[in-house]
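Asks: Predicted model, plus sequence, below.
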Amino acid sequence: MQSIKRTKVVDVLQRTDYGALVNVRGWVRTHRSSKAVDFIALNDGSTIKNVQVVVDPAKFDPELLKQVTTGSCISVNGELVESQGAGQAVELQCRELQVYGTCGSDYPMQKKGQSFEYMRQYAHLRLRTNTFGAVMRIRHNMAIAIHKYFHDHGFFYFHTPLITASDCEGAGQMFQVTTKNLYDLKKDAEGKITYDDDFFGRQTSLTVSGQLEGELGATALGAIYTFGPTFRAENSNTPRHLAEFWMIEPEVAFIELDDLMDLEEDFIKYCVRWALDNCKDDLEFLNKMIDKTLLERLNSVLADSFVRLSYTEGIKILEEAVASGHKFEFPVSWGMDLASEHERYLVEQHFRKPVIMHGYPKEIKAFYMKINPDGKTVQGTDVLFPQIGEIIGGSVREEDYGKLLGEIEGRGIPMKDMWWYLDTRKYGTCPHGGFGLGFERLILFVTGMQNIRDVIPFPRTPKSADF
């Protein structure tokens, strides 16, 4: 086979130099055979679109063509010609063909119409399908958009530790990290496990958030963001939860509540706009095959300003809905943590646009949130989106040493884990705030997919850590 430098399918489809000899390599989507002509749809992952390879079967060994089945990997040298069929501008007239890897009839991804649940069993192969190729290309673009947004706005990319001795959320649902022999644990006189012989000499876990360390960065560099994996040992088998997921957490010195909400809205609109501008083919495919309202919904996010709504006002709206006959699974009352159904009612039925809710009761929010003058509510913010519910959670942080210490002690958080955090309030404290965005929830919204396990390559969930 003649040696020709490979051209990606996405680039071949843009070319108009008809008559040129080009090489494409990829995986066969379909192979249709007849006596007169064979058509091979080839995809290499660079685009949702396939390049059509036209083969004259009289010029090739029949046994070779039999190996070109769905899922097989091939290399083709072909002449670039104008396409005679609909759906593509160019195609390749095959001159040479090489099979890199055959693919038998037991290939799990060759059947049409498999369910996403079925495909999760084959997460190592589902990436080759049109849907998951589209999702992963959009996921990449969203990561690029995030880095570009923060870089262009003067934020510094700050790397926080994955292994930590502190629990940011105070939930205690953390994965422990240890080198100890679990069959022979060393214990003290009270029967509690001791960690002086462990790798770090103390109990450590995988992080649930980089926020606390991010605050240290913001109080030195002014504005930082983290973007990395986080871990929650919650036994939550829902379409919205993962045990391992990615978080974006900007933190900004000298920011106030209104500015924080402005940042949240501007950032997420930027990401949606980036997707519409840079993922057109993939979004059109998902709009056609997965969610026929996807493009309309994405454009609607950009069309209007987000609603700014206090928690108290939100509860009042929900109570009025109940009084008018709307039925919620969970009851509504001031002081409760809103369920997804409540959030989605406000966004999808009442306002019909995204909502930024603020002023939550302090009892249902984390210890570090700044308490309002009423003493009952905090300057916490949640951005609520259609179909998703909460997509961003943030707050202005409490910068007063005494107040923060009071919250830490009142909630029984061990001081031995918090001394370094309190130092930022002891030495040159400053107003600051930030938010956290679950990356996979953003991808859910942008792709129209319905299960968070289908927007990350290899999902980690309870009883599932394959691949």
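Replies: Here it is on my side, so go on.

Asks: Which residues belonging to stretch 368-377 are considered buried?
Replies: Tyr368, Met369, Lys370, Ile371, Asn372, Thr377 (16 or more other Cβ atoms under 10 Å). In this view, the C-beta of every residue, glycine as well, is placed from N, C-alpha and C.

Asks: Sort out which of those residues are in strands and list them.
Replies: Thr377 (DSSP state E).

Asks: Make CSV out of the buried residues of stretch 368-377 and add distance to Thr7 and pLDDT.
Replies: Output for the buried residues of stretch 368-377, formatted as CSV (distance: Cβ to Cβ, whole Å; pLDDT from 0 to 100):
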residue, distance to Thr7, pLDDT
Tyr368, 53, 94
Met369, 54, 97
Lys370, 56, 97
Ile371, 60, 95
Asn372, 60, 96
Thr377, 59, 97
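
Asks: Closest one to Ala339 out of the buried residues of stretch 368-377, please.
Replies: Thr377 (19.2 Å; Cβ to Cβ).

Asks: What count of nearby residues applies to the closest residue to His350 other than its chain neighbours?
Replies: Of all residues not flanking His350 in the chain, Ile317 sits nearest, at 5.8 Å (Cβ to Cβ, 6 or more residues apart in numbering). Ile317: 15 surrounding residues under other Cβ atoms under 10 Å.

Asks: Need phi/psi at Ile317.
Replies: phi -60, psi -40 (degrees, to the nearest 10).

Asks: And it, how far from Thr102?
Replies: 60 Å (Cβ to Cβ, to the nearest Å).

Asks: what's the closest of the buried residues of stretch 368-377 to Ile388?
Replies: Closest to Ile388, out of all of the buried residues of stretch 368-377 and judged by Cβ to Cβ, is Met369, at 22.1 Å.

Asks: pretty sure that closest one contacts Lys362?
Replies: Yes - contact criterion Cβ atoms under 8 Å: Met369 and Lys362 qualify, at 7.0 Å.

Asks: need the contact list for the closest residue to Gln203 other than its chain neighbours.
Replies: Nearest non-adjacent residue to Gln203, counting by Cβ to Cβ, 6+ apart: Tyr195, 4.9 Å away. By Cβ atoms under 8 Å, 6 or more residues apart in numbering, Tyr195 lies in contact with Thr178, Lys180, Gly201, Arg202, Gln203.

Asks: Tell me the pLDDT of the third one.
Replies: According to the predicted model, the pLDDT of Gly201 comes to 93.

Asks: Please apply the same query to the first one.
Replies: Here the pLDDT value assigned to Thr178 is 94.

Asks: re the thing from before, common neighbours of Met369 and Lys362, please.
Replies: Val378.

Asks: Tell me where the protein has helices.
Replies: Assigned by DSSP state H, the helices in the chain fall at 9-12, 62-66, 116-120, 123-126, 130-152, 211-221, 257-278, 280-289, 294-303, 311-323, 340-344, 401-410, 419-426, 439-447.

Asks: Out of those, the one nearest Ala89 is which?
Replies: helix 9-12 (10.5 Å).

Asks: Now tell me what touches the closest one from outside.
Replies: Counting by Cβ under 8 Å, 6+ apart, 22, 24, 26, 42-44, 46-47, 49-51, 80, 90, 92 sit against helix 9-12.

Asks: Of the residues you listed, which is the most crowded?
Replies: Val51 leads the contacts of helix 9-12 on contacts (other Cβ under 10 Å) with 27 neighbours.

Asks: Name the residues linked to it by a beta bridge.
Replies: Leu42 (DSSP bridges).

Asks: my guess is it meets Phe39, correct?
Replies: No - under the criterion of Cβ under 8 Å, Val51 makes no contact with Phe39, lying 11.1 Å away.

Asks: re the thing from before, of the contacts of Tyr195, just say which sits nearest to Leu216.
Replies: Nearest to Leu216 among the contacts of Tyr195, with distances taken as Cβ to Cβ, is Arg202, at 19.4 Å.

Asks: residues touching the closest one, list them.
Replies: Ala165, Tyr195, Asp196.

Asks: switch to 6 Å and redo it
Replies: Taking Cβ atoms under 6 Å, 6 or more residues apart in numbering, we find Arg202 in contact with Ala165, Tyr195.

Asks: same question, Tyr368
Replies: Counted by Cβ under 6 Å, 6+ apart, Tyr368 has contacts Arg397, Glu398.

Asks: if we go to 8 Å?
Replies: Gln211, Leu212, Glu215, Ser395, Arg397, Glu398, Leu404, Glu407.

Asks: Quick check: the gap between the second one and Thr226.
Replies: Think Leu212. 11 Å.

Asks: Okay, Val99 and Thr160: tell me how far apart.
Replies: In terms of Cβ to Cβ, Val99 sits 47 Å off from Thr160.

Asks: Those two: who's more crowded?
Replies: Shown here are Val99 and Thr160; by other Cβ under 10 Å, Thr160 has more neighbours (23 against 17).

Asks: ok, now which ones touch that one?
Replies: Thr207, Gly210, Glu213, Gly214, Gly217, Thr226, Gly228.

Asks: Any chance of those residues in a markdown table with pLDDT as columns?
Replies: Below are the contacts of Thr160 laid out as a markdown table (pLDDT from 0 to 100):
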| residue | pLDDT |
| --- | --- |
| Thr207 | 94 |
| Gly210 | 93 |
| Glu213 | 95 |
| Gly214 | 97 |
| Gly217 | 97 |
| Thr226 | 98 |
| Gly228 | 96 |
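
Asks: export those residues to CSV and tack on neighbour count?
Replies: Listed next are those as CSV, based on neighbours: other Cβ atoms under 10 Å:
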residue, neighbour count
Thr207, 27
Gly210, 28
Glu213, 22
Gly214, 23
Gly217, 22
Thr226, 23
Gly228, 17
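
Asks: I'd guessed Leu422 sits against Glu407; true?
Replies: No - at 11.0 Å, Leu422 and Glu407 do not qualify as touching, with contact defined as Cβ under 8 Å.

Asks: So for these two, which residue has more residues nearby?
Replies: Glu407 (18 against 15).

Asks: per-residue pLDDT, the more buried one?
Replies: 91.

Asks: Columns distance to Arg352 on top of the buried residues of stretch 368-377, output as a markdown table?
Replies: Below are the buried residues of stretch 368-377 laid out as a markdown table (distance: Cβ to Cβ, whole Å):
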| residue | distance to Arg352 |
| --- | --- |
| Tyr368 | 33 |
| Met369 | 29 |
| Lys370 | 31 |
| Ile371 | 32 |
| Asn372 | 29 |
| Thr377 | 26 |
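
Asks: Closest one of the buried residues of stretch 368-377 to Ala275?
Replies: Met369 (30.7 Å).

Asks: how about that closest one, what does it touch?
Replies: Tyr360, Lys362, Val378, Gln379, Gly380, Ser395, Val396, Arg397, Glu398 are the contacts of Met369 under Cβ under 8 Å, 6+ apart.

Asks: Would you confirm that Gly389 contacts Glu348?
Replies: No - between Gly389 and Glu348 no contact is recorded; they are 9.8 Å apart, counting by Cβ under 8 Å.

Asks: Pull out the buried positions in stretch 218-230.
Replies: Neighbour counts over stretch 218-230 (16+ other Cβ under 10 Å) mark Ala218, Thr219, Gly222, Ala223, Ile224, Tyr225, Thr226, Phe227, Gly228, Thr230 as buried.

Asks: Many thanks, we can stop here.
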